[in-house]
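Novice: Got a sequence here, can you model it:
(2 chains)
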Amino acid sequence: MFKDLDPILHSQLRLAVMSVLISVKDAEFTFLKEKTNATAGNLSVQIQKLKEAGYIDVIKQFKDNYPQTICKITATGIGAFEEYVKNLQVYLTQPK
Amino acid sequence: MEQEKTLSEQESLRLITIMINKAKESYHDTGIGAIMWGAVIAVCSLVRLSEVQFDYRLPFDIYLLTLVAIIPQIFISIKEKRERKVKSYDDAYLDYIWLGFGITIFLLIHISNNIFGEWGSWSNEYRSITGKEAPMRFSEFVSPLFLMLYGLPTFITGAACKFKPMLWGGIFCWVCCVVTVYTTIKIDLLLTALSAITAWFIPGILMEVEYRKYKKEQALLNV
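Specialist: As a prediction, the model looks like this:
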């Protein structure tokens, strides 16, 4: 029985962001931009969607008088990511 | 990267693997702390060696330099933390390991100073009764204890960060630890200096070169 893949995660940029965040404690927006090669505007929109889904926490603060955005995966996000990978494996191991 | 590109299952798994590896490769230590401690321990050991070899004494204990070095280390740690764009789970554990190492080293200094005091009076008494030097010098057994400790956080850091020069540096400290059990104080001090250079100074320089390269790439990418 195939489960539908989580539509929030089944998108290239959002999945890339979640894959980075699952591997680290937290990461700055600039770090995510560098690793995903996305534009700032694009990345902001996708981060907002992940935040609205409760998959990541976004902390906005100031560092040396410059705004700094820190992203951190939540427990809900970890659960959703694990479920997504599990479902992917089902898709790939079982004949359709 | 495109905004809403729909992925096939294989593409998704491939993307996850690539991004996890990219995140893991993001460890970039400046290496300044390692260079400083490698130099400090090597200088302390070599100066002490020259004191023993040429039979003179500085007006202060050269190992007090290690206490002075804590001050720049605090500033280095704060600066590195502020500049770091990503915090890995390993960073937090490694910080605790090195903090624990520092505390253990100072406890060992405290313990060995106390034993030295006791040993000194016992040794003098032995000399006054027998007219001969005590058959064992405690100072000959201090270096192996320190080298044993030097190896531990160095080996763990090398393994956790997949940084082989530090991993081998840690192993080198342990090899020297075994050797110094059987050697004289002069060889002990020489091997301690060599261990500090191998375990921290050289890996620190390699880290610094890598870090400069990374910063240059970042500047080119204008991130």
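Novice: tell me which element the residue of chain B found nearest chain A falls in.
Specialist: Scanning chain B for the residue nearest chain A gives B:M19, at 3.5 Å (criterion: Cβ to the nearest Cβ). (Each C-beta comes from the backbone N, C-alpha and C, glycine too.) B:M19 is located in helix B:9-24, with elements delineated by DSSP states H and E.
Novice: swap in A:K72?
Specialist: Under the assignment given by DSSP H and E, the secondary-structure element containing A:K72 is strand A:66-73.
Novice: Quick one, grab the pLDDT at B:T130.
Specialist: According to the prediction, B:T130 has pLDDT 83.
Novice: burial measure for it, as a count.
Specialist: As a burial measure, the neighbour count of B:T130 was computed by other Cβ atoms under 10 Å in any protein chain shown and equals 10.
Novice: how much space is there between it and B:G120?
Specialist: When Cβ to Cβ, to the nearest Å is the yardstick, B:T130 and B:G120 sit 16 Å from each other.
Novice: now do B:W168
Specialist: Where B:G120 is concerned, B:W168 sits at a distance of 38 Å (Cβ to Cβ).
Novice: the helices in chain B, which residues?
Specialist: According to DSSP state H, chain B carries its helices in the segments B:9-24, B:32-54, B:64-68, B:70-83, B:89-130, B:142-160, B:164-181, B:185-196, B:202-221.
Novice: Quick check: buried residues in stretch A:88-96?
Specialist: Residues of stretch A:88-96 classed as buried by neighbour count (16 or more other Cβ atoms under 10 Å in any protein chain shown): A:L88, A:Y91.
Novice: what angle separates the helix holding B:M19 from helix B:89-130?
Specialist: Computed with axes from the mean of the first three to the mean of the last three Cα atoms, to 10 degrees, the direction of helix B:9-24 lies at 40 degrees from that of helix B:89-130.
Novice: Specify the local secondary structure of the one residue in chain A that gets nearest to chain B.
Specialist: For chain A, the residue positioned closest to chain B under Cβ to the nearest Cβ is A:S19, at a distance of 3.5 Å. When the structure is split into helix, strand and coil by DSSP: H, G, I helix; E, B strand; the rest coil, A:S19 lands in helix.
Novice: Contact partners for the closest residue to it other than its chain neighbours?
Specialist: Nearest residue to A:S19, sequence neighbours excluded (Cβ to Cβ, 6 or more residues apart in numbering or on different chains): B:M19, at 3.5 Å. Contact analysis of B:M19 by Cβ atoms under 8 Å, 6 or more residues apart in numbering or on different chains lists A:L15, A:A16, A:S19, A:V20, A:S23, A:K35, A:T36.
Novice: can you do 7 Å?
Specialist: A:A16, A:S19, A:V20, A:K35 (Cβ atoms under 7 Å, 6 or more residues apart in numbering or on different chains).
Novice: give me the low-pLDDT residue ranges for chain A?
Specialist: Applying pLDDT under 70 to chain A flags the ranges A:1-3, A:95-96.
Novice: could you pull out the strands for it?
Specialist: Defined through DSSP state E, the strands belonging to chain A, from first to last, are A:26-28, A:56-63, A:66-73.
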